[in-house]
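Asker: Take this sequence and fold it.
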Amino acid sequence: MKIGIDLGGSHIGIGVLDDNNNIIKKIEKDIEKSYYVKNKIMNYIDENVSKIIGNYKIDLIGIAIPGTTKNLVAENIFNLGIEKMDFSKIASKYNIPLKIQNDSKAAGLAEKQCGSLINYKDAVFLCLGTGIGSAVFLNNELLISNKNVGFELGHMIIDKNGLQCNCGKKGCFETYCSIKRFKENVSKILNIREISPIELVNKIIEEKDNPKIKEIIKVYIENLIIGLSNIIDIFEPEAIGIGGSFVFFKDIFYEELIEEMNIKKYVFNKNCIPKIVLAELKNDAGIIGAVL
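Answerer: Got it, this is the predicted structure:
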């Protein structure tokens, strides 16, 4: 048995997986960015790992986290306001092999091995949620740079004078195309505070003729296509998988995105338009990928 932990920008999921990487038990909790969030996360992980170990024989603990990972340390966890997290104490406490990796790389691995990207040798996975994480595969291999995990496609700049990003730069891809940003923009127009993704989708569909909502969707898709076209020109993948919260909004974006991508107006090599596929594993991808 294994424990997979997915620490996202707004939630944490912990799963118990069997030898075939099927999730047999899962718990989830929303988290909020605050001064004490680091300690709360560590305590939550420690508490639940302890309970699971009491009930199952665990051979591996894997943690997927939205930051730069090396050995048992994660840094640059910008979307949670955390500079650094060291998981070595958890590893030594339980004396069980523990590994950490970037959450989007983990989700990408899961989608590549047993999800939407399984049939493509060259592929890119994008996780659109609180930010934009990414994983790149060439000839079935996940690309990792020697210095850091690299391939932070969410932080390529699409507007040099653009919006401020949590990373400190301006105009990053994720400041325009994260689902968090889209939800914030729509919520302002509709004067909504607390609402679930499904309820928000239904509300947007109800307001489909609202010119302000139409404009927000149009601009979002235009910016997403610019980001995707840059990725296509660099990597020329056979497929781009999109996961994260974007999947909940597929009825709003997906058809129009596919239609616009077929226009090929931004791509250098017009014969290199990839398949745009939706993630199949949804929120389980990070949990599964954490142990791969």
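Asker: Quick one: the strands in the stretch 1-150 of the chain, in order.
Answerer: Ranges of strands within the stretch 1-150 of the chain are 2-7, 11-17, 23-30, 60-65, 68-70, 73-77, 82-86, 98-102, 123-128, 132-138, 141-142, based on DSSP state E, counting those that start in this stretch.
Asker: where exactly do the helices run in the protein?
Answerer: Taking DSSP state H, the helices of the chain run over residues 37-55, 88-94, 103-114, 173-177, 179-190, 197-206, 211-235, 250-261, 285-289.
Asker: Of all those helices, which one comes closest to N269?
Answerer: Judged by C-beta to C-beta, the one of the helices of the chain that comes nearest to N269 is helix 211-235, at 7.5 Å. Bear in mind the C-beta positions are built from the backbone N, C-alpha and C, glycine included.
Asker: which strands and helices sit next to the closest one?
Answerer: strand 123-128, strand 132-138, helix 173-177, helix 179-190, strand 239-244, helix 250-261 (3 or more C-beta pairs under 8 Å, 6 or more residues apart in numbering; DSSP states H and E).
Asker: Comparing these, which comes out most buried?
Answerer: For those, the largest average neighbour count (mean count of other C-beta atoms under 10 Å) is found in strand 123-128, namely a mean of 30.
Asker: List the neighbouring strands of that one plus their orientation.
Answerer: Next to strand 123-128 in the sheet, as set by DSSP bridges, lie strand 132-138 (antiparallel), strand 239-244 (parallel).
Asker: Now render those as a markdown table, adding distance to I23 and mean pLDDT.
Answerer: Listed next are the strands paired with strand 123-128 as a markdown table, based on distance: least, C-beta to C-beta, whole Å; pLDDT from 0 to 100:
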| stretch | distance to I23 | mean pLDDT |
| --- | --- | --- |
| strand 132-138 | 20 | 96 |
| strand 239-244 | 16 | 95 |
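Asker: would a markdown table of these with distance to S187 be doable?
Answerer: Putting the strands paired with strand 123-128 into a markdown table (distance: least, C-beta to C-beta, whole Å) gives the following:
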| stretch | distance to S187 |
| --- | --- |
| strand 132-138 | 19 |
| strand 239-244 | 18 |
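Asker: Out of the ones you listed, which gets nearest to N223?
Answerer: strand 132-138 (11.0 Å).
Asker: Other residues contacting the closest one?
Answerer: Residues outside strand 132-138 that contact it (C-beta atoms under 8 Å, 6 or more residues apart in numbering): 66, 102-105, 107-109, 112, 117, 120-127, 142-143, 151-154, 173-174, 177-178, 227, 235, 237, 244.
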